[in-house]
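A.B. asks: Curious how this folds, go ahead:
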Amino acid sequence: MAAAEPLLDVRDLGIAFRTGGGMVQVTREVSFSIAPGEAVGLVGESGCGKTVTGLALMGLLPRATSTVSGQVLLDGENLVGMAPRDFRRRRGSKISMIFQEPMSALDPVFTIGEQISETLRTHHPVSRKEARERGIEALAKVGIPEPTLRYDSYPHQLSGGMRQRAMIAIAIVCEPRLLIADEPTTALDVTVQAQIVDVLGDLCSRLGMAMLFITHDLGLVAETCSRLVTMYAGEVIEQGAIDDVLRRPRHPYTSGLLRSLPALAERKSRLPAIAGRVPARGEIPPGCRFRPRCGFAEPPCEAEQPLHAIPPAGQVRCCRHDQIALAGVLS
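C.D. replies: Below is the predicted model:
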């Protein structure tokens, strides 16, 4: 059987911001794809370029101070360089996003229902009555109890978990083909985190949506996604099927992220951590960007690192991937 055509195909995405010292490149040659109905995890430490990649896919970067190069093909249509008016017609209806902080993303002076219905009526010619009915239905889909009551509530009247569910309802009310979830469990306790992850997985299954799950938590990705894309310092450094990467990571950075998961660490032992920090944009080293923090670095790592194919469908940006053995977390 032939593989499904990708719903989203990101090719060599580059993002730069204008500063007082000139243009600063924040991502380089970011490429990945998502098939219809597929959930893909985009992981990495803070500052690696995950969120800015999501904002670029949504066309939400300020055009006056940023440039976006490469291609973002959604259903074969290139979104890069698309006129703002045309992009607005697709944003919300074909591609939608859940933001990190629901309290700051929701407007405090409008009810949850008003914010859901505004999204719906922007893209569909429905009456206020129908918008209300579909809004209440969306709240029910994300597991909010008493959805009719919550439809008329203000954001401050909901708990953190309920606000995040309301954000998801706003994002899915127009039934987009692709949902971008940017750290959707930030600042939530572990019980509510699990509930939100279950809601997202259930929605993708029932509605047939594809999802890009942006997070620093590999544990959540393992529960939710079928493929993993790891970013470091603005580059994709590894990607592959989630089970393949968990069983045998090929990049030392991905291995370090896996070993630092508390659930996978040995009891009564110090939690492993990756030494150093993600370099600032003006401090990017030549060659492998992870080299200063890597325990396996050798002179060849000082050269520019291309992506190497890992059968059956993986990639890694490491010239020593076939020389070093990195432990996984699956047997």
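
A.B. asks: which regions of this protein lie under the pLDDT threshold?
C.D. replies: Counting by pLDDT under 70, the chain shows low-confidence ranges at 1-4, 263-269, 331.

A.B. asks: ranges for the strands of it?
C.D. replies: Along the chain, counting by DSSP state E, strands occupy 8-19, 22-34, 39-43, 66-74, 77-78, 95-98, 178-182, 210-215, 227-232, 235-241, 308-310, 314-316.

A.B. asks: in its sheet, what does the shortest one sit against?
C.D. replies: With DSSP bridges as the criterion, the sheet partners recorded for strand 77-78 are strand 66-74 (antiparallel).

A.B. asks: what's the angle from the partner strand to strand 178-182?
C.D. replies: 140 degrees (axes from the mean of the first three to the mean of the last three CA atoms, to 10 degrees).

A.B. asks: CA atoms only for strand 66-74, dumped as CSV, please.
C.D. replies: Coordinates of the C-alpha atoms in strand 66-74 are reproduced here as CSV (Å, rounded to 0.1, in the frame of the first residue of the first chain):
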residue,chain,number,x,y,z
SER,A,66,10.8,38.5,10.7
THR,A,67,11.4,36.6,7.5
VAL,A,68,10.3,33.1,6.8
SER,A,69,11.9,31.0,4.0
GLY,A,70,11.4,27.5,2.7
GLN,A,71,8.0,25.9,2.1
VAL,A,72,5.0,25.0,4.4
LEU,A,73,2.7,22.9,2.2
LEU,A,74,-0.8,22.4,3.7
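
A.B. asks: Now do it and strand 22-34, the angle between them.
C.D. replies: Using the same axes, to 10 degrees, the inter-axis angle of strand 66-74 relative to strand 22-34 is 10 degrees.

A.B. asks: that older thread, same list (the strands of the chain) but as TSV, adding distance to Tyr253.
C.D. replies: (Each C-beta comes from the backbone N, C-alpha and C, glycine too.) TSV is the format used below for these (distance: least, CB to CB, whole Å):
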stretch	distance to Tyr253
strand 8-19	20
strand 22-34	15
strand 39-43	10
strand 66-74	23
strand 77-78	30
strand 95-98	26
strand 178-182	21
strand 210-215	16
strand 227-232	5
strand 235-241	6
strand 308-310	15
strand 314-316	10
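
A.B. asks: Compare the ones you listed and give me the one nearest Ile168.
C.D. replies: strand 95-98 (5.7 Å; CB to CB).

A.B. asks: Could you list the residues in contact with the closest one?
C.D. replies: With contact meaning CB atoms under 8 Å, 6 or more residues apart in numbering, strand 95-98 is reached by 54, 57-58, 60, 74, 164, 167-168, 171-172, 174, 176-182, 184.

A.B. asks: Mind giving me the ChimeraX select for those residues, buried ones only?
C.D. replies: Those of these that count as buried under 16 or more other CB atoms under 10 Å are selected in ChimeraX with:
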select :54,57,58,74,164,167,168,171,172,174,176,177,178,179,180,181,182,184
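
A.B. asks: Who is the residue nearest the centre of the chain paired with across the strands?
C.D. replies: What sits nearest the mean C-alpha location of the chain, by CA atoms, centre = their mean, is Ile214, with 2.4 Å. Beta-bridge partners recorded for Ile214 (DSSP bridges): Leu42, Asp182.

A.B. asks: Show the contacting residues for it.
C.D. replies: Contacts of Ile214 by CB under 8 Å, 6+ apart are 41-43, 50-51, 53-54, 180-183.

A.B. asks: Leu42 reaches Phe213, doesn't it?
C.D. replies: Yes. Leu42 lies in contact with Phe213 (CB atoms under 8 Å); the separation is 6.9 Å.

A.B. asks: Stretch 314-327: which residues count as buried?
C.D. replies: For stretch 314-327, a neighbour-count test (16+ other CB under 10 Å) marks 314-321, 326 as buried.

A.B. asks: what's next to that stretch, contact-wise?
C.D. replies: Here stretch 314-327 makes contact (CB under 8 Å, 6+ apart) with 235-241, 244-245, 248-252, 254-255, 259, 288, 296, 298, 300-301, 303, 305-310.
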